[in-house]
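> next come a sequence and a model predicted from it.
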Amino acid sequence: MSKDFPTREENYSEWYNHIARKADLAENSAVRGCMVIKPYGFAIWEKMQATLDKMFKDTGHSNAYFPLFIPKSFFSREANHVEGFAKECAVVTHYRLKNDEEGKGIVVDESAKLEEELIVRPTSETIIWDTYRNWIQSYRDLPILVNQWANVVRWEMRTRLFLRTAEFLWQEGHTAHATQEEAEQEARTMLDVYAQFAEEWMAVPVLKGVKTANERFAGAVDTYCIEALMQDGKALQAGTSHFLGQNFAKAFDVKFTTKEGKQEHVWATSWGVSTRLMGALIMAHSDDDGLVLPPKLAPIQVVIVPIYKNEEQLNNISEVAIQIKADLEKEGIRVKYDDRDTHKPGWKFSEYEFKGVPVRIAIGPRDLENGTVEVARRDTKEKQTYQQTDIVHKVEHLLENIQKNLYDRAVSYREENTRQVDSWEEFKDVIENKGGFVLAHWDGTSETENKIKAETKATIRLIPLNNKQEGGKCVYTGNPSTQRVIFAKSY
RNA sequence: CGGAGUGUAGCGCAGCCCGGUAGCGUACUUGCAUGGGGUGCAAGUGGUCGCUGGUUCAAAUCCAGUCACUCCGACCA
């Protein structure tokens, strides 16, 4: 099983790309910076979507849909917001093409210039708040708890499958509230939803916290986030939830009448996770043999591979395999029986390993004689032989066990790579040579944060929620500090 | 937008310096054998060498321009 592609150790980036391609998740498209999500990759995303969607509904939210195009004037209403996104916007300027008179093919018809340019949404706060103005008159209209599943476009300079593409899929929640407390609570609640999803479904442990001013969303008062540690020691922001204060309500003049008859601006939140979660999933668990999927999100949880020499053997094996498949499916397990005769067993073993299928069952002539099957688990690569009569119970147990093992493994990795650091020399050394999360004192100024970033490329990933307060000295300036914050290099 | 590099078969590459019949690996198709960890042998299909122009009897190769992509920075979910 020799692999002629880089291992995780040799070249993490190339390894990552290779996994994404070999697992049949996605590929670069002919369009600059854009990605094609292939059916297998999309099946995982759909599973994520369905799970998150249910969690949103369970917390009182409904889905809606807003336009792809945003008039430039809307977009520029909120000063910080437009400044934050201006450098990465795709802009529609014309609405018609024509045949070139000099025969150079199809060209833009200059006479069809839009009076006002349209921005392809990089995020939808502006168009949504412009809409909410009409929806909200009274405190009786609040809260509005809406989510949309959509694509957005951010014209990034450099792109990478799932982690940063020019167009990506996501969900964005946009809520409107009568009070500050309620909006802040909403932002925290959704952060908890994201953390729960990451840990329980993706088996990716995350830290919850709040961003510093430097890293805050453009237009937010507070940005909460979950951060996960990847296998190369870099942090990945896996989800964000923003308390927007009254910034957008003021920019779009969204007011409501209180019980007392007073006019007040509405309080807002927005929150989102994207197909970047797919990147997190790949990087958190995969190994040199391919993707490793947590059973809860795996489109195929169990694959059955027959091993046979002739058609008669295949028929006999199929009988057993189809029965096992039915028995497993009765328990809600997603099973594929791969009886293709176009590929050999060894090929299939490798293929499903690349695709991260958690459990593989192989059945051959030997098993037919003994009434057994061979069961292999993807996470540890261990193989065991079980009696056919026992199989449903064993597989159920195994799937739970794999889910838990992936999470535990990721937690241990994070613990091993989280270090408390008190001197600047040590800080530089750890960031440069070891990576991971670094807990260090910081004097609370953007200036210091920027200097640390310039010297080490590390940024403050978050200030943990309910952070322990302790006196100390800033690792960079030596100025007094009241708490440690989390530094890391990030994606 | 700054620095470096690459465009030759679906994919990965050689050939270019020193111009002269378009190559290799893999994939694909067919046949036979094989089948408990990416199978072996044989035959076969597939390319206006990124694009435009120039030099030349002759250009993948030399020259000029242009487009695209990759990597490293800046930016970012």
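Thanks, I have the structure now.
> wait, what's in contact with the residue most central in space within chain A?
Central residue of chain A (C-alpha atoms, centre = their mean): A:L277, 1.6 Å from the mean position. Taking C-beta atoms under 8 Å, 6 or more residues apart in numbering, we find A:L277 in contact with A:M48, A:A198, A:M202, A:A238, A:G239. Just so you know, the C-beta spots here come from the backbone N, C-alpha and C atoms, and that holds for glycine as well.
> so the first one is in which element?
The one in question is A:M48. Here A:M48, judged by DSSP states H and E, is contained in helix A:39-58.
> over to the fourth one?
Secondary structure from DSSP H and E places A:A238 in strand A:235-245.
> near RNA strand B at all, that strand?
Yes: if you take C-beta under 7 Å from any atom of the strand as the test, strand A:235-245 does meet RNA strand B, through A:Q237, A:A238, A:T240.
> show me what the longest helix along chain A is packed up against.
The longest helix of chain A (DSSP state H) is helix A:391-416. Packing contacts for helix A:391-416, counted by 3 or more C-beta pairs under 8 Å, 6 or more residues apart in numbering; DSSP states H and E, involve strand A:222-229, helix A:276-285, helix A:311-330, strand A:359-363, strand A:372-377.
> using CSV, please lay out those together with distance to A:V210.
Compiled in CSV, the helices and strands packed on helix A:391-416 are given as follows (distance: least, C-beta to C-beta, whole Å):
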stretch, distance to A:V210
strand A:222-229, 5
helix A:276-285, 20
helix A:311-330, 44
strand A:359-363, 40
strand A:372-377, 38
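> secondary structure class for A:I300?
coil (DSSP: H, G, I helix; E, B strand; the rest coil).
> right, and it touches A:Y337 too?
No: contact criterion C-beta atoms under 8 Å: A:I300 and A:Y337 do not qualify, at 10.3 Å.
> any idea of the pLDDT on the residue nearest to the centre of chain A?
In this model, A:L277 is scored at 95, pLDDT.
> next: A:M1.
Looking at A:M1, its pLDDT reads 31.
> and A:M283, how far from A:D408?
Separation of A:M283 from A:D408 (C-beta to C-beta, to the nearest Å): 17 Å.
> report how many residues lie close to the residue in the stretch 151-300 of chain A that RNA strand B sits nearest to.
Closest residue of the stretch 151-300 of chain A to RNA strand B, C-beta to the nearest atom of the strand: A:M157 (2.7 Å). Counted with other C-beta atoms under 10 Å, the neighbours of A:M157 add up to 9.
> helix/strand/coil for it?
Look at A:M157: counting by three-state DSSP, its state is coil.
> the inter-axis angle of the strand holding A:A238 versus helix A:276-285?
140 degrees (axes from the mean of the first three to the mean of the last three C-alpha atoms, to 10 degrees).
> packing partners of strand A:235-245?
Looks like strand A:235-245 contacts helix A:180-196, strand A:222-229, strand A:267-274, helix A:276-285 (3+ C-beta pairs under 8 Å, 6+ apart).
> for chain A, name the helix or strand with the lowest mean pLDDT.
Here the helix or strand of chain A ranked lowest by mean pLDDT, DSSP states H and E is strand A:106-108, holding a mean of 76.
> my read: A:K457 touches A:Y491, true?
No: the criterion here is C-beta under 8 Å, and A:K457 misses it with A:Y491 at 11.8 Å.
> ok now stretch A:171-186, how far from the chain's centre?
22 Å (C-alpha atoms, centre = their mean, to the nearest Å).
> same question but for stretch A:186-200, I mixed them up
Averaging C-alpha positions (C-alpha atoms, centre = their mean) puts stretch A:186-200 13 Å from its chain's average.
> still on that earlier bit, looking at the helices and strands packed on helix A:391-416, which is closest to A:Q420?
strand A:222-229 (15.3 Å; C-beta to C-beta).
> does A:K208 count as helix, strand or coil?
strand.
> got the contact list for it?
When contacts are counted by C-beta under 8 Å, 6+ apart, A:K208 touches A:L191, A:D192, A:A195, A:Y224, A:C225, A:I226, A:L462, A:P464, A:L465.
> can you count the residues close to the third one?
Going back to what we said before, that points to A:A195. A:A195 has 22 neighbours, counted by other C-beta under 10 Å.
> please apply the same query to the fifth one.
A:C225 is flanked by 24 other residues according to other C-beta under 10 Å.
> what residues are bridge-paired with the closest residue to it other than its chain neighbours?
Spatial nearest neighbour of A:C225, chain neighbours left out: A:T240 (4.8 Å); criterion: C-beta to C-beta, 6 or more residues apart in numbering. Taking DSSP bridges as the rule, A:T240 bridges to A:C225, A:G272.
> surely A:T240 meets A:A218?
No: taking C-beta under 8 Å as the definition, A:T240 is not a contact partner of A:A218, at 11.8 Å.
> what count of nearby residues applies to A:F168?
By other C-beta under 10 Å, the residues close to A:F168 number 22.
> how about it, phi and psi?
Backbone torsions for A:F168, taken as degrees, to the nearest 10, come to phi -140, psi 160.
> which residues does A:K296 contact?
Applying C-beta under 8 Å, 6+ apart to A:K296 gives the contacts A:T51, A:E200, A:W201, A:A203, A:Q403.
> go again using 6 Å as the cut-off
Shown in contact with A:K296 (C-beta atoms under 6 Å, 6 or more residues apart in numbering): A:W201, A:Q403.
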